[in-house]
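Novice: pasting the sequence and the predicted model now:
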Amino acid sequence: HMDNVGYDMYCRILSESIDEAKGIRHSEDTDVSIDISMSAYIPESYIASANQRIDMYKKIAAIESDEDELEIKDELIDRYGEPPKPVLNIIAVAVVKIPAREIGCTEVSAKNRAVTLKFLPDKINAGIVFGLEKKYPKRVKVMMKDSDKNPLEFINNLLNLIKELQNAEK
C-alpha cells in the first residue's frame, strides 16, 4: 500500500484509521484556494532535480506554523543557497493558508487591488462583517489600499483580524 500512495499519505491514512477505531474524530481541514497574481514556484535554476523540487513543494505545502516556515527557509538556504523571489512567494502563499484555514476561508483571491474571501457556511456572520467595515470603512468589498504593495501581507492581516473577531465573539 505504501508504494501505491507514498509514505506520507500512508502514514496519514494509517493514523486516521487508528484514531477512527478509537472513536476519535478529526474535523476536516478546509482546503484553501489561493489565487494571487504573482510568480510563486521553484525554478529549475534553483533546484535542478525534479524529484527534489517535488519534495520541496510537498514540504512547503505542509507548512502549518511559523516554525515550519523558518525550518523550510533554513533548509533551502543550507542546501541550495539564498532562495529567489518566486520561492519566497510560494512559501508566503503557504503561510497565508494557515489563518485562512483556521477561520473557515475556502478561497482567497487578489485581482486589480480587490481581495475576495469565500467562507464555509456559518463561518462568517454580521458581527464580523461589521468589524471589517469598522476597520475598513466605506468599502463594499475589502480592497487593498493603493499604497499596499504586497497583497499577501494585506491578506494575512485581514485573515488575522477575522480570526480575532471570531475569537472575541466566543
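Specialist: Yep, it's here.
Novice: can you give me the strands in this protein?
Specialist: 33-36, 105-111, 114-119 (DSSP state E).
Novice: where in the chain is pLDDT low?
Specialist: Counting by pLDDT under 70, the ranges of the chain that qualify are 1-13, 24-30, 121-122, 124-126, 129-130, 137-150, 169-170.
Novice: apply 50 and report the result again.
Specialist: Scanning the chain for pLDDT under 50 picks out 1-2, 140-147.
Novice: which ones are touching the most centrally placed residue in the chain?
Specialist: The geometric centre of the chain, computed from its C-alpha atoms, lies nearest to K97 (Cα atoms, centre = their mean), at 1.4 Å. By Cβ atoms under 8 Å, 6 or more residues apart in numbering, the contact set of K97 is V32, I34, I63. All C-beta atoms are positioned from the backbone trio N, CA, C, and that covers glycine.
Novice: do G131 as well
Specialist: Listed by Cβ under 8 Å, 6+ apart, the contact partners of G131 are L161, L165.
Novice: and if we set it to 7 Å?
Specialist: Applying Cβ atoms under 7 Å, 6 or more residues apart in numbering to G131 gives the contacts L165.
Novice: for this structure, what spans make up the helices?
Specialist: Assigned by DSSP state H, the chain shows helices spanning 2-5, 7-21, 50-61, 66-80, 85-102, 126-135, 151-169.
Novice: check the offset of the fourth one from the chain's centre.
Specialist: Computed by Cα atoms, centre = their mean, to the nearest Å, the separation of helix 66-80 from the middle of its chain amounts to 17 Å.
Novice: orientation of that helix relative to helix 50-61 in degrees?
Specialist: Computed by axes from the mean of the first three to the mean of the last three Cα atoms, to 10 degrees, the angle separating helix 66-80 from helix 50-61 equals 160 degrees.
Novice: pull out the buried residues from helix 66-80.
Specialist: Across helix 66-80, burial judged by 16 or more other Cβ atoms under 10 Å covers D68, E69, I72, L76, Y80.
Novice: surely the last one meets S45?
Specialist: No - using Cβ atoms under 7 Å, Y80 is not in contact with S45, being 10.2 Å away.
Novice: identify the contacts common to the two.
Specialist: Jointly contacting Y80 and S45 under the rule Cβ under 7 Å, 6+ apart is no residue at all.
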